[in-house]
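Novice: please work out how this folds:
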Amino acid sequence: MTQGYRPFLLRWLLTTVAVVVATKLVPGISADGWFALVAAALFLGIVNALVRPVVLLLSLPFILVTLGLFILVVNALLFWLVAGVVPGFQVDGFWNAFFGAIVVSLVNWALSAFFRGSDGRVHPISAHLAGPKTVPGRVVE
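Specialist: The predicted model follows:
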């Protein structure tokens, strides 16, 4: 496997784990099998990469008025969209999608902390222990 695909596959795996956790914790979210979970994670990544920026830009006035809380609604709607498109992955209603999106976001964030280094590259945290960064130059007094 080449180094170029490794970050993508790792992100996909982490999102799949996050979707599995959401199906276990949120009562209205279910999947028929592993294929549905993996497909939902893949499609959720595609939707977050391609559709989410456009929706966030279009809903910017609502986001500003609600001080960013409308982003949670956007995440829930996109999670619900994934459930509507992926066969075998079901979300019963908006509130289930809302809490499912929060669970997926939190689990993804927590798991990503173990695989993202301080330089932004994806690799095991034990292989990259960076100290404080210094900037070359001089101090002007």
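Novice: from what I see, R11 and L42 are in contact.
Specialist: No: counting by Cβ atoms under 8 Å, R11 does not reach L42; the two are 10.2 Å apart. Placement of C-beta: from N, CA and C, glycine included.
Novice: ramachandran coordinates for V91?
Specialist: Reported as degrees, to the nearest 10, the phi and psi values for V91 are phi -130, psi 120.
Novice: can you tell me the closest non-neighbouring residue to it?
Specialist: For V91, ignoring the flanking residues on the chain, the nearest one in space by Cβ to Cβ, 6 or more residues apart in numbering is A83 at 3.8 Å.
Novice: please apply the same query to P27.
Specialist: Nearest residue to P27, sequence neighbours excluded (Cβ to Cβ, 6+ apart): N96, at 7.3 Å.
Novice: isn't there a helix covering the one you found?
Specialist: Yes: secondary structure of N96 (DSSP: H, G, I helix; E, B strand; the rest coil): part of a helix.
Novice: which residues touch it?
Specialist: 26-29 (Cβ atoms under 8 Å, 6 or more residues apart in numbering).
Novice: narrow these to those in strands?
Specialist: Secondary structure assignment (DSSP state E) places I29 from the contacts of N96 within strands.
Novice: just the buried members of the contacts of N96?
Specialist: Neighbour-count burial within the contacts of N96 applies to 26, 28-29; the criterion is 16 or more other Cβ atoms under 10 Å.
Novice: L69: which of these is nearest?
Specialist: Distance from L69 was checked for each of these by Cβ to Cβ. The minimum falls on V26, at 19.5 Å.
Novice: pLDDT at the closest one, what is it?
Specialist: Confidence at V26, expressed as pLDDT, is 94.
Novice: could you measure from it over to W80?
Specialist: 12 Å (Cβ to Cβ, to the nearest Å).
Novice: can I get the buried ones among the contacts of N96 in a markdown table with distance to A110?
Specialist: Output for the buried ones among the contacts of N96, formatted as a markdown table (distance: Cβ to Cβ, whole Å):
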| residue | distance to A110 |
| --- | --- |
| V26 | 17 |
| G28 | 22 |
| I29 | 18 |
